[in-house]
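# okay, structure incoming, though there's no sequence with it:
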Ligand SMILES: Cc1cc2nc3c(=O)[nH]c(=O)nc-3n(C[C@H](O)[C@H](O)[C@H](O)COP(=O)(O)OP(=O)(O)OC[C@H]3O[C@@H](n4cnc5c(N)ncnc54)[C@H](O)[C@@H]3O)c2cc1C
């Protein structure tokens, strides 16, 4: 199997045509971040991914992390790769320079995340969780906590975790029971058990900083009584020797995929209680955790994208080499490579068109995150944040669900060799399976989309997006015959999405069960239309480049990809609309 190759050419197309990099350069602190600089970063990330992370991917699958007496040893080679990763400054790529980060736009770190996930998703989880912890602390911790933890989390000298789940509290975080007892000196002691904690324990760094949801003794019941705490594995206080905190990893899970990533049961407070500090204010923990979850949800979407790209790469390589039968039109005498058969071409095009659609949507959302964070004018910041909030469940839900289809198609392209473990393609399918479950299942993303993001504002954010899409449809109408199919299908699918949004707005206040029952099909409809929107913009840009005779082969393929997506994916919109509006059982 060839090692992972980062899709820098397609990323370049996205940077040059779909996101406005020059507008990002006008944001404070980003003046030097032009397309060339971003491409240099992506090339370097691609090298690290190919040389250091990708070769460990199968090793992680075959030699998972091991637990012994409370300690976890990661897969051989993991530690060296982690050291290269942090020495290269990759951990703090988009974190604040105030605490040692490189301060690059989220757009850039989103693209590098795709690269890490494509090369080795089990490895990439560790910095992903650290980034979530950094985001939450930057947003809501006191200056003292920021000083204490951010520099080392951003450099990667320490890693971060997210401790939400308990045996009785999975999707339902209102059921969290971990107790936080105030000590009268501003600190707390935690008692409770957390399960399924990614990289809760490992040997990559000397310290691990746990962000933990818990309840103070007189907290109100439900989500309104949850607070966020920070509990380090090793407590360091001025003038005192380092002290191991009262928290430990009781065991790690044996699981379907991402074997290289330790999934830990964490026991807090078997003795005096784990020393912890309150982040922000009491009882506002869930609100803060949403900051971390939004970052993590977006990044899990990027896991789906990275895995899809890797699956596409493997399937494309295999299909060019494997020979079976004589494809219609081939003259022989040699048997044809299977990528000459129309059905294999269809599978590869399903994979490539959806992968490119996801990459484009993710980039546009990441650029909106940057604008929402940095634009000098408040109304622009607000409008961009509205778009980001709307799109987070779509990026998470649609991209991870699509990665199930794409990794499965990669197995199909490999035939029997895909089903056996030898080629490594089955691992992608197993690794992808978790992405629709953690950080909120697809069902939970869909509830967020229809409830908080559509019904709550009577569909106004969704309609703003629909208006943008209609603007592109108008451009397609004047773009000539080559984009006719795309125009017709995108228009129909946008009409379908508009109807689905209207259904949510009208029905949610009176019969929310009906809306919830169709929420996952609606989320998929939303995702495929968003993908079609971006591929339509891609086709329009590619048409211009073709007219200017720039890289004709690449741009002709781009137009073909968008057309294929319209005929095979956007064409599903009417079925999804029916399912989205069918009501509850
Ligand atoms: C490998 C792995 C790593 C993980 N890493 C972490 C981590 O680092 N930190 C952490 O805190 N947690 C982590 N988790 C936990 C993960 O986030 C939860 O498993 C996930 O949120 C789902 O919770 P659950 O497993 O309890 O499933 P449940 O909540 O029991 O859900 C089961 C099914 O019921 C559906 N469902 C539940 N409630 C509703 C509802 N209200 N409406 C509609 N459908 C509903 C779900 O969609 C799902 O299909 C990890 C889990 C795994 C397996």
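That came in fine, so what should we check first? On a predicted model such as this, the values are computed, not experimentally measured, just so you know. Numbers count the residues shown, from 1 in each chain.

# could you use CA atoms for every contact and neighbour count after this?
Will do.

# tell me how far the residue of the stretch 401-550 of the chain found nearest the ligand lies from residue 576.
Proximity to the ligand, evaluated over the stretch 401-550 of the chain using CA to the nearest ligand atom, is greatest for residue 438 at 3.8 Å. Applying CA to CA, to the nearest Å, one obtains 24 Å for the distance of residue 438 from residue 576.

# who's more crowded, those two?
residue 576 (23 against 15; other CA atoms under 10 Å).

# nearest spatial neighbour of the more buried one, chain-adjacent residues omitted?
residue 521 (5.4 Å; CA to CA, 6 or more residues apart in numbering).

# quick check, that neighbour in contact with residue 572.
No: in this structure residue 521 lies outside contact range of residue 572 using CA atoms under 8 Å: 10.6 Å.

# comparing the two, which residue is more hemmed in?
Taking neighbours as other CA under 10 Å, residue 521 and residue 572 compare with residue 521 leading, 23 against 16.

# quickly find the element holding the more buried one.
Using DSSP states H and E, residue 521 maps to helix 519-547.

# please apply the same query to residue 180.
Residue-wise, residue 180 maps onto strand 179-182 under DSSP H and E.

# strands paired with the helix or strand following that strand, and their directions?
As assigned by DSSP H and E, the chain's next helix or strand after strand 179-182 is strand 187-198. According to DSSP bridges, strand 187-198 forms sheet pairs with strand 179-182 (antiparallel), strand 263-268 (antiparallel), strand 274-279 (antiparallel).

# mind telling me what element the residue lying closest to residue 107 once chain neighbours are set aside is part of?
Once flanking residues are discounted, residue 107 sits nearest to residue 366: 4.8 Å by CA to CA, 6+ apart. Assigned by DSSP H and E, residue 366 belongs to helix 342-374.

# average pLDDT for that helix?
Across helix 342-374, the average pLDDT comes to 98.

# with stretch 415-429 instead?
pLDDT averaged over stretch 415-429 gives 96.

# for it, how far is the first residue from the last?
Stretch 415-429 end-to-end distance (CA to CA) = 14 Å.

# starting at the chain centroid, how far to it?
How far stretch 415-429 lies from its chain's middle: 24 Å, per CA atoms, centre = their mean, to the nearest Å.

# mind listing what's buried in that stretch?
Neighbour-count burial for stretch 415-429 flags 417-419, 423-429 (criterion: 16 or more other CA atoms under 10 Å).

# reformat those residues as CSV; add distance to residue 245 and secondary structure.
As requested, those are exported to CSV (distance: CA to CA, whole Å; DSSP: H, G, I helix; E, B strand; the rest coil):
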residue, distance to residue 245, secondary structure
417, 48, helix
418, 46, helix
419, 45, helix
423, 43, helix
424, 40, coil
425, 41, helix
426, 40, helix
427, 36, helix
428, 37, helix
429, 38, helix
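
# including distance to residue 256, could those go into JSON lines?
As requested, the buried residues of stretch 415-429 are arranged in JSON lines below (distance: CA to CA, whole Å):
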{"residue": "417", "distance to residue 256": "19"}
{"residue": "418", "distance to residue 256": "16"}
{"residue": "419", "distance to residue 256": "15"}
{"residue": "423", "distance to residue 256": "17"}
{"residue": "424", "distance to residue 256": "14"}
{"residue": "425", "distance to residue 256": "14"}
{"residue": "426", "distance to residue 256": "11"}
{"residue": "427", "distance to residue 256": "9"}
{"residue": "428", "distance to residue 256": "11"}
{"residue": "429", "distance to residue 256": "10"}
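
# tell me the one among those nearest to residue 251.
residue 427 (23.4 Å; CA to CA).

# element containing the residue lying farthest from the centre of the chain?
Of all residues in the chain, residue 333 has its C-alpha farthest from the mean position, at 46.4 Å, by CA atoms, centre = their mean. Assignment of secondary structure by DSSP H and E places residue 333 within no helix or strand.

# circling back to that earlier point, quick one: which of the strands paired with strand 187-198 is nearest residue 566?
Nearest of those (CA to CA): strand 263-268, 39.6 Å.

# that older thread, so which of the strands paired with strand 187-198 is nearest residue 492?
Across the strands paired with strand 187-198, closest to residue 492 is strand 263-268 (CA to CA), at 43.8 Å.

# spit out the contact partners of the closest residue to residue 551 other than its chain neighbours.
The shortest distance from residue 551 to any non-neighbouring residue, by CA to CA, 6+ apart, is to residue 545 (7.5 Å). By CA atoms under 8 Å, 6 or more residues apart in numbering, residue 545 lies in contact with 551-552, 555.

# one more: residue 198?
Going by CA under 8 Å, 6+ apart, the list of residues near residue 198 reads 125-126, 129, 161-162, 261-264.

# repeat that for residue 498.
Counted by CA under 8 Å, 6+ apart, residue 498 has contacts 463, 466.

# can you point out the helix or strand that includes it?
helix 484-507.

# what are the buried residues along whichever helix or strand comes after that helix?
As assigned by DSSP H and E, the chain's next helix or strand after helix 484-507 is helix 512-517. Buried residues in helix 512-517, counted by 16+ other CA under 10 Å: 512, 514-517.

# go on, stretch 8-28?
Neighbour counts over stretch 8-28 (16+ other CA under 10 Å) mark 8, 11-15, 17-19, 21-22, 24-27 as buried.

# and what of stretch 365-385?
Result for stretch 365-385 [16+ other CA under 10 Å]: buried residues 365-375, 380-381, 384-385.

# off-centre distance for it?
Taking mean C-alpha positions (CA atoms, centre = their mean), stretch 365-385 and its chain are 20 Å apart.

# not counting sequence-adjacent ones, nearest residue to residue 176?
In this structure, residue 176 finds its nearest non-sequential neighbour in residue 169, 5.5 Å apart by CA to CA, 6+ apart.

# so which residues on the protein come close to the ligand?
The chain comes close to the ligand at residues 162-165, 170-171, 196-198, 263, 437-441, 443-444, as judged by CA under 6 Å from any ligand atom.

# generate a ChimeraX selection restricted to the buried entries among those.
Command for ChimeraX that selects the buried part of the residues of the chain next to the ligand, burial taken from 16+ other CA under 10 Å:
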select :162,163,164,165,170,171,196,197,198,263,437,439,440,441,443,444
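
# from the residues of the chain next to the ligand, which land in strands?
The strands, defined by DSSP state E, take in 162-163, 196-198, 263 from the residues of the chain next to the ligand.

# redo these as TSV? Include distance to residue 460 and pLDDT.
Conversion of these to TSV gives the following (distance: CA to CA, whole Å; pLDDT from 0 to 100):
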residue	distance to residue 460	pLDDT
162	33	94
163	34	96
196	37	98
197	37	98
198	37	97
263	40	98
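
# CSV for those residues, including distance to residue 120?
Output for these, formatted as CSV (distance: CA to CA, whole Å):
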residue, distance to residue 120
162, 20
163, 23
196, 20
197, 19
198, 15
263, 16
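
# looking at those, spot the one nearest residue 226.
Of these, the one sitting nearest to residue 226 (CA to CA) turns out to be residue 163, at 12.6 Å.
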